[in-house]
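> With the sequence up front, the predicted model follows.
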Amino acid sequence: MSELQLKDLYDGFRNPDTIRSLAKQIAREAEKLEAPLRIMEVCGGHTHTIMKYGLPQLLPDSISFIHGPGCPVCIMPKERIDHAIALAKMENTILVTLGDMIRVPGSKTSLAQERAAGYDIRPLYTPADALKIAKENPDKKVIFFAIGFETTTPMTTAVIKATVEQKIKNLFFHINHVLVPPAVDAIMADGKARINAFIGPSHVSVIAGAKIYQPIPLAYRTPVVVSGFEPVDVLQGILMTVRQQVQNRAELEIEYTRSVTMEGNTKAQKLIETYLQPRPHFRWRGIGDIERSALELRPEFAYLDAEKLFGDVLPNEPIDDHKLCICGTILKGLAKPMDCKVFGKACTPNTPLGSCMVSSEGACNAYYRYQGV
Amino acid sequence: MCLSIPSKVVKIDKENNTAVVDTMGVTRKAGLELIEEGTVEVGDYVLIHIGFVMNKIDEEDALESLKVYNEILEKMDEQERENLVLEDDNCGTRGS
Ligand code: SF4
Ligand code: SF4
């Protein structure tokens, strides 16, 4: 389906009347605000909705959006991508991973370039296919470069479980699963972004429950509203944060009651706990090291851990971004894509210099697509 | 991106712990590993994320969302439909 048709299609999801009336309600409510409201939308999917529907233009100047670190592709530091490349170059190896990850530049090349150079690198539609590929290629090592936030982690662990139970000997895991709350906490503790409300992604909370954000309103007196992805959902979420601010409340609320509960999917949560544990440290692209902000295999499953087993081929030095790229500052909520000198010039979705331009959930990509640069 | 189109369960394969679901006319298979055994049955509505059932959703809510999506889908041919459904699920290929 071409880009244009897809655009037309999405237009159908926007009901102009509802959007306008919600925007009006927000404007009315916002008049009572004593200070400007700086809302961080944590997830890249929300950034996409906000830009696509031009929500900033619909809303009063007292409300601004800060685009958060919620895209698992955008926050992957270069050294981890170099890990994937190094693993893919081992003999007799098939490296598998999810979608956009393939195109993100590491320190020298991307997985896509290495694949074109002849290495066996395969994008997966579902993690379950990793299992299938391992079974079909018994004399090869299959390494699953696993990425994602809370939403995707249980799918990886379902595959780990099957690998353990079916005693599959040639499937290994390089785990890069990251956690939303520690990142949000790091941004708040830093304080520079001056955020005073959060919109959290519904998908993460379908699995992890809305409860994961509970500490934020308590620690920082900042409202958090878990919201769905359609424009009407996002606006509803904004209205709820404005109301909280006006009424001087700082609470955790759920906009997307259609499928989000406080508890989330407890079976999925148990599955994660059985196989994975928090890592002491993980370096986020741009944000830097955040304690206990990512997961790793538990020691009992070290025999499946590609990071441990093949550690000798993995580079260890942290690698910084392209010197012109300010993705990091953007992910911390301190700059907008237009502040980057090469935005839309040397850096475009076809020639991305930084990860925020690669992933369709990245802030630079969303600005590029919807602001007609 | 996450449109969260509800899917309807049409068949359950107990042996492989998978379900066959229908997402707006597109048939796919999805793993049931993340769902408590016996809680999802044929006829239920569920959300799918990268090939797995994430949760069960209320029938009334599901039908309400499907109504919106259907109006748009009526105007599409089969290939476009399939692309849309995959694109929706694809959200996860970015891995969140
Ligand atoms: S436009 Fe490109 S180089 Fe600039 S911050 Fe965004 S991704 Fe980095
Ligand atoms: S995959 Fe979905 S939940 Fe994750 S960042 Fe993208 S839109 Fe958000």
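Now that the structure is in, tell me what you want to look at. Ligands and ions are numbered 1, 2, ... in the order given.

> So what does the residue of chain A found nearest ligand 2 look like in phi/psi?
Going by C-beta to the nearest ligand atom, ligand 2 is nearest to A:Gly45 of chain A, at 2.2 Å. In this view, the C-beta of every residue, glycine as well, is placed from N, C-alpha and C. Main-chain dihedrals, A:Gly45, degrees, to the nearest 10: phi -60, psi -40.

> close enough to count as contact, it and A:Phe229?
Yes - with contact defined as C-beta atoms under 8 Å, A:Gly45 counts as touching A:Phe229 (5.2 Å).

> Please say which of these two ends up with more neighbours.
Remark: of A:Gly45 and A:Phe229, A:Gly45 carries more neighbours, 26 against 22, as counted by other C-beta atoms under 10 Å in any protein chain shown.

> How much space separates the more buried one from chain B?
5 Å (C-beta to the nearest C-beta, to the nearest Å).

> Also A:Thr222?
For A:Thr222 relative to chain B (C-beta to the nearest C-beta), the value is 22 Å.

> Ok, A:Glu91 next?
A:Glu91 is 27 Å from chain B, by C-beta to the nearest C-beta.

> what's around that residue, how many residues?
Counted with other C-beta under 10 Å, A:Glu91 comes out at 6.

> What pLDDT does the model give it?
A:Glu91 is assigned 97 on the pLDDT scale.

> what sits against it?
Not one residue lies near A:Glu91 by C-beta atoms under 8 Å, 6 or more residues apart in numbering or on different chains.

> Could you look up the SS state of it?
Here A:Glu91 takes the coil state, with states given by DSSP: H, G, I helix; E, B strand; the rest coil.

> next one: A:Leu218
Counting by three-state DSSP, the three-state call for A:Leu218 is helix.

> Could you list the low-confidence segments of the chain?
With no chain named, the answer covers chain A. Residues of chain A meeting the criterion pLDDT under 70: A:1-15, A:372-373.

> that answer is for a different chain, and I need it for chain B
B:1-4, B:68-69, B:71-76, B:83-96.

> Name all residues that make contact with the residue lying farthest from the centre of chain A.
Most distant from the centre of chain A: A:Asp139, at 34.1 Å, with distances by C-alpha atoms, centre = their mean. Contacts for A:Asp139 were tallied using C-beta under 8 Å, 6+ apart; they are A:92, A:170.

> sec struct for it, please.
Quick answer, by three-state DSSP: A:Asp139 is coil.

> cool, A:Ile133 as well?
A:Ile133 ends up helix, using three-state DSSP.

> Was I right to think it contacts A:Thr93?
No - the pair A:Ile133 / A:Thr93 is not scored as a contact, 11.5 Å apart, by C-beta under 8 Å.

> Overlap of the contact sets of the two?
A:Val142.

> Give the burial count for the nearest residue to A:Gln269 once chain neighbours are set aside, as a bare number.
Leaving aside its chain neighbours, A:Gln269 sits nearest to A:Ala208 (6.8 Å; criterion: C-beta to C-beta, 6 or more residues apart in numbering or on different chains). Residues lying near A:Ala208 (other C-beta under 10 Å) number 26.

> Now A:Ala208: phi and psi?
Dihedral angles (degrees, to the nearest 10) for A:Ala208: phi -90, psi -10.

> what sits against it?
A:150-151, A:180, A:264, A:269.

> Spell out which parts of the stretch 51-200 of chain A neighbour chain B.
Applying C-beta under 8 Å from any C-beta of the partner chain, one finds that the stretch 51-200 of chain A approaches chain B through A:70-73, A:98-101, A:123-129, A:147-149, A:151-152, A:154-155, A:158, A:161-162.

> Among those, which lie within helices?
Among these, the ones falling in helices (DSSP state H) are A:128-129, A:154-155, A:158, A:161-162.

> Please list only the buried members of those residues.
In these, burial by neighbour count holds for A:128-129, A:154-155, A:158, A:162, counting by 16 or more other C-beta atoms under 10 Å in any protein chain shown.

> Let me have those residues in CSV, adding distance to ligand 2 as columns.
Shown next, in CSV, are those (distance: C-beta to the nearest ligand atom, whole Å):
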residue, distance to ligand 2
A:Ala128, 17
A:Asp129, 18
A:Pro154, 14
A:Met155, 12
A:Ala158, 18
A:Ala162, 23
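
> From these, pick the one nearest chain B.
Within those, proximity to chain B (C-beta to the nearest C-beta) peaks at A:Ala158, which comes in at 3.9 Å.

> Name the nearest residue to the closest one, ignoring sequence neighbours.
B:Glu33 (3.9 Å).

> So that neighbour, which state does it fall into?
With three-state DSSP as the basis, B:Glu33 sits in coil.

> Could you give the number of residues near it?
B:Glu33: 20 neighbours (other C-beta under 10 Å).

> residue contacts, it?
A:154, A:158, A:161-162, A:271, B:17, B:52.

> Dump the residues you listed into TSV; add distance to ligand 1 as well.
Shown next, in TSV, are these (distance: C-beta to the nearest ligand atom, whole Å):
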residue	distance to ligand 1
A:Pro154	30
A:Ala158	33
A:Lys161	36
A:Ala162	37
A:Leu271	35
B:Asn17	41
B:Phe52	31
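
> what would those look like in a markdown table with distance to A:Tyr53?
Below are the contacts of B:Glu33 laid out as a markdown table (distance: C-beta to C-beta, whole Å):
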| residue | distance to A:Tyr53 |
| --- | --- |
| A:Pro154 | 31 |
| A:Ala158 | 35 |
| A:Lys161 | 40 |
| A:Ala162 | 40 |
| A:Leu271 | 36 |
| B:Asn17 | 39 |
| B:Phe52 | 29 |
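
> where does stretch A:254-269 sit relative to the chain's centre, distance-wise?
18 Å (C-alpha atoms, centre = their mean, to the nearest Å).

> does ligand 2 sit close to it?
No - Stretch A:254-269 lies out of reach of ligand 2 by C-beta under 6 Å from any ligand atom, never closer than 11.7 Å.

> residue ranges of the strands in chain B, please?
Ranges of strands within chain B are B:7-13, B:18-23, B:26-31, B:45-49, B:52-57, based on DSSP state E.

> same deal with the stretch 1-150 of chain A?
Taking DSSP state E, counting those that start in this stretch, the strands of the stretch 1-150 of chain A run over residues A:37-43, A:63-70, A:93-98, A:121-124, A:141-148.

> Save those strands as JSON lines, and put in mean neighbour count and distance to ligand 2 too.
Shown next, in JSON lines, are the strands of the stretch 1-150 of chain A (neighbours: other C-beta atoms under 10 Å in any protein chain shown; distance: least, C-beta to the nearest ligand atom, whole Å):
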{"stretch": "strand A:37-43", "mean neighbour count": "25", "distance to ligand 2": "4"}
{"stretch": "strand A:63-70", "mean neighbour count": "25", "distance to ligand 2": "5"}
{"stretch": "strand A:93-98", "mean neighbour count": "24", "distance to ligand 2": "10"}
{"stretch": "strand A:121-124", "mean neighbour count": "20", "distance to ligand 2": "14"}
{"stretch": "strand A:141-148", "mean neighbour count": "26", "distance to ligand 2": "7"}
